[in-house]
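In: Pasting the sequence and the predicted model now:
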Amino acid sequence: MSERDTAESLMRGMASAIRAHALYSAGHPLAKRSVDGLSAALAREFRVSPSLAIGFLGDDIIVGNTKLKRSASLGGLARHFQDRQVEKLVFSSELTADGLEAIVGVLADRDSRPLQERLGALHVTGCGVGTITADPAPTGDLGVNAAKQLYGTAVQIAEGLWGAAEAGSEPDPDAAQTIIDSLAKAVSQDRASMVALTSIKSHDAYTFSHMVNVSLLTMAQARTLGIHGSLLREFGLAGLMHDIGKVKIPPEILNKPGKLTDEEMGIVKRHVIDGAQILRRTPNVPSLAAVVAFEHHLRQDLSGYPEKIGHRKLNLCTMLVSISDVFDALRTNRSYREGLPAARVRAMLAEQSGTSFEPTLLRRFVTLMGLFPVGTFVRVQNGDVGVVTEEHPSDPFRPQVRLVADADGRQLPKPRLLNTWERDDRGEHPFTVVEAVDGSAMGFNALALMAS
Ligand SMILES: [Fe+2]
Ligand SMILES: [Fe+2]
């Protein structure tokens, strides 16, 4: 059977299970048999990938990566979910047959309360719902200061989650959820400010700011894919907790500056298994977080670790988290922030896409980040230095820059705003950004300059 045939028969199974539950009572043999069929079809999907997202967009149904052909029977199912304002259903391999039966029961009844709330009340693990109305409409700028404050709180909470896991107790899922709610809202409202914050490092809190950065970068990517609501928050949580298994690595190995021995490397590699275990036993953490912790060092071609895991399709969230993870580490290893180094990005696009990363997602990420993201210090061709205050929507090479210093690093009496995308009378660009520079070494503070 082709992927599309399997997906279609799965959805037909779901339609008939919902129909059977609408017609018969829960214990009725026909209702039960229809759920068994659906459960078997889902189990087949889980053999390939531990979770499956089903999207309902208008009359279209998308199962995993497969868009189904429209048909009368599936159209009815699409409308069923449309009426209930469900845009996405995500099932994971943790879902039991009983859990599925309960879910189908809820999907079939005519209760008008939001589906998300009713499914939540079932306390079934392995199923998530994304609604179209869960996110408030973007209201514009969050403001650099509010964003910065939120970021600081997030780093503190990340530290608390880490500390709990390190002490052998469970990280507090409520604390995690609360901060993810705020971060998700901030990313939806003002993506540029939140993404800009991920590049401002305080090195003493690397572990915790890395958690927050990966969470933010993952949610920012997910937003560009149209993911929002509860699913967006699940992605954010998975990003936040991806490395939590590292609490089990002895600090002398974790913080070792030089090259690790094979034995030490073996210990480091265990963090993906430990992380999945910690997250699986923490109540109220969606199974996606454990899946992502397990998969985040696997690449598209399944190189990386854990080794010898057999055939599987990486979860979409894993792909986003591993892109965020690699880029955040890449920037951190540099002595100062300079955005994504253009040459490095080009090399990654050429060499690694396909084997390491999903090419389309990687390209989207570069567009999202920009080459000179907001907050970067740059030099323009006459030598003046400034901070990037705005990016051009389609040309990452031509940002808006607030010039603050001359070629010798002397502060200008008054900052000057420059739109490097503007052309002169001859149709040429009089100003071009030539490179990113170390603004903090020159004694400048990007946030202060941007806010002034
Ligand atoms: Fe990791
Ligand atoms: Fe990481």
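Out: Cool, got the structure. Just so you know, these numbers come straight off a predicted model, no measurement behind them. Ligands and ions are numbered 1, 2, ... in the order given.
In: Please make it C-alpha for all contacts and neighbour counts, starting now.
Out: Fine.
In: C-terminal to the helix-or-strand element of the chain with minimal mean pLDDT, which secondary structure element comes first?
Out: For the chain, using mean pLDDT, DSSP states H and E, the weakest element among its helices and strands is helix 342-347, scoring a mean of 56. Scanning forward in sequence from helix 342-347 by DSSP states H and E, the next helix or strand is helix 359-369.
In: quick one: buried residues of that next one?
Out: Of the residues in helix 359-369, those scored as buried under the neighbour-count criterion (16 or more other C-alpha atoms under 10 Å) are 359, 361-362, 365-366, 368-369.
In: Likewise for stretch 13-27?
Out: Under 16+ other C-alpha under 10 Å, the buried positions of stretch 13-27 are 13-22, 26.
In: which one of these sits closest to residue 5?
Out: In terms of C-alpha to C-alpha, no member of the buried residues of stretch 13-27 lies closer to residue 5 than residue 13, at 12.1 Å.
In: so where does the closest one fall, helix or strand?
Out: In the assignment (DSSP H and E), residue 13 maps to helix 3-23.
In: Could you do residue 107 as well?
Out: Secondary-structure element containing residue 107, defined by DSSP H and E: helix 97-108.
In: So which elements touch whichever helix or strand residue 152 is part of?
Out: Following DSSP H and E, the helix or strand that holds residue 152 is helix 144-166. Counting contacts by 3 or more C-alpha pairs under 8 Å, 6 or more residues apart in numbering; DSSP states H and E, helix 144-166 packs against helix 173-189, helix 191-197, helix 206-224, helix 446-451.
In: now, of those helices, which is deepest in the fold?
Out: Comparing the helices and strands packed on helix 144-166 on average neighbours per residue, with mean count of other C-alpha atoms under 10 Å, the densest one is helix 206-224 at a mean of 25.
In: neighbouring contacts of that one?
Out: Under the criterion C-alpha atoms under 8 Å, 6 or more residues apart in numbering, residues 151, 154-156, 158-159, 162, 183-184, 187-188, 191, 194-195, 198, 201-202, 228, 232-233, 235-243, 317, 320-321, 324-325, 328-329, 364-365, 368 lie in contact with helix 206-224.
In: Drop anything exposed from those residues.
Out: Taking 16+ other C-alpha under 10 Å as the criterion, what is buried in these is 151, 154-156, 158-159, 162, 183-184, 187-188, 191, 194-195, 198, 201, 228, 232-233, 235-243, 317, 320-321, 324-325, 328, 365, 368.
In: for the stretch 201-350 of the chain, what are the low-confidence residue spans?
Out: In the predicted model of the stretch 201-350 of the chain, residues 201-204, 331-350 satisfy pLDDT under 70.
In: Which stretches in it count as helices?
Out: 206-224, 229-240, 251-254, 262-269, 271-281, 287-295, 316-332, 342-347 (DSSP state H, counting those that start in this stretch).
In: For the fifth one, buried residues please.
Out: Using 16+ other C-alpha under 10 Å as the test for burial, helix 271-281 gives 271-280.
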